[in-house]
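Novice: The following block contains a protein sequence and its predicted model.
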Amino acid sequence: MRCIGDYEIGETIGEGAFSKVKVGVHRVTGRRVALKFINTNMMEQTVGYLQFRREIEIHSRLRHRNIAQLIQVIEDEDRGRTCLVVEFIQGRDLLDVISDSQKGGLSESEASVYFSQIVAAVQYLHGNGIAHRDIKLENVMVTDTGVCKIIDFGFSRGTKDNDIMKTPCGSPVYVSPEIMKKKTYCGMQSDVWSLGVLLYSLVSGCVPWAGLDIIRKRERAERGDYIPLQDASPSLQNLIMGCLCVEPEDRMTIMDVQSHEWTMRRHLKRRVSGPFRSMVRKIMR
Ligand SMILES: Nc1ncnc2c1ncn2[C@@H]1O[C@H](COP(=O)(O)OP(=O)(O)O)[C@@H](O)[C@H]1O
Ligand SMILES: [Mg+2]
């Protein structure tokens, strides 16, 4: 059995663009972890290497229920790689959750349970001066008990409130118009755009510009032109519109998103208020 540090290396559970992720089992305690291996030998002095160092520096500072905890970093100099030991998340990523849903998307009440947890994590990041810069369904894991955990801080960046960034990053479908236009941008404002795309996908099962090639998608996104969701509540439509606002200065902030009635699920409570509520109470008695 191959080992790294105190961990036995098991099967591969994920392969990202820059890494391989395997299961690890602690030799003494038996605790399961995720081992994220990154080849660093060819990387030194490159932008990728700096970003990778940043991932470690930022991830090691984070402690939040909805963020996968980084436990340890092990340098494997002989093999020219570094290994991030991360809390193992027993579950699936959100893309798989949606793919398995029969209706092509989740119900609003189901989606808001997930979304409010993701927003709590992003609020924590922004409150600590960190932009994630790669928010997407694949980077949110859901445990078997329904707890969301953000993974992958490979593009994250420490920032002050109005810090301006230049490096375009993130997945094409999720990136904000200001990044597409290759403008300087604020990482936190762009995170909120990505949250809007994620939320749209959660409830519809497809991205706001589904079926369009990247050039058309770009044209539409830059105009803020997306197909309105059929059957979505006005409250949800309002939240998505606030996130997918083309002008970053007018876009909702993470605080706005967190305190929005849809995120707080006040829209659900309202539906069971008044005469209907007392009727439910009578039935329940
Ligand atoms: N802590 C974890 N627990 C379980 N699976 C994980 C964990 N971290 C990553 N994975 C799996 O590995 C995949 C790639 O990990 P990620 O950190 O996103 O790498 P990359 O930076 O290469 O995208 C994820 O999509 C997920 O399936
Ligand atoms: Mg990833």
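Specialist: The structure has been received and is ready for your questions. Residues are numbered from 1 along each chain as shown. Ligands and ions are numbered 1, 2, ... in the order given.
Novice: In the stretch 1-150 of the chain, where is pLDDT below threshold?
Specialist: Residues of the stretch 1-150 of the chain that meet the criterion pLDDT under 70 lie in 42, 44-45.
Novice: Residues of it that sit close to ligand 2?
Specialist: Residues of the stretch 1-150 of the chain lying near ligand 2 by Cβ under 5 Å from the ion: 16, 139. Bear in mind the C-beta positions are built from the backbone N, C-alpha and C, glycine included.
Novice: Just give me the neighbour total for the residue in the stretch 1-150 of the chain that ligand 2 sits nearest to.
Specialist: The stretch 1-150 of the chain approaches ligand 2 most closely through Gly16 (4.3 Å), counting by Cβ to the ion. By the measure other Cβ atoms under 10 Å, the count of residues near Gly16 is 14.
Novice: Quick check: pLDDT value at the nearest residue to it once chain neighbours are set aside.
Specialist: Nearest non-adjacent residue to Gly16, counting by Cβ to Cβ, 6 or more residues apart in numbering: Asp152, 7.0 Å away. Asp152 is assigned a pLDDT of 92 by the prediction.
Novice: Which element, helix or strand, includes Asp152?
Specialist: According to DSSP states H and E, Asp152 maps onto no helix or strand at all.
Novice: For it, list the residues it contacts.
Specialist: 16, 134, 139 (Cβ atoms under 8 Å, 6 or more residues apart in numbering).
Novice: Now name the helix or strand holding Ile9.
Specialist: Applying DSSP H and E, one finds Ile9 within strand 7-15.
Novice: near ligand 1, which residues of the protein show up?
Specialist: 13-14, 16-19, 21, 34, 36, 68, 86-89, 93, 138-139, 141, 151-152, 154 (Cβ under 6 Å from any ligand atom).
Novice: Give me the buried subset of those residues.
Specialist: Buried positions within these, assessed by neighbour count (16 or more other Cβ atoms under 10 Å), are 14, 19, 21, 34, 36, 68, 86, 88-89, 93, 139, 141, 151-152, 154.
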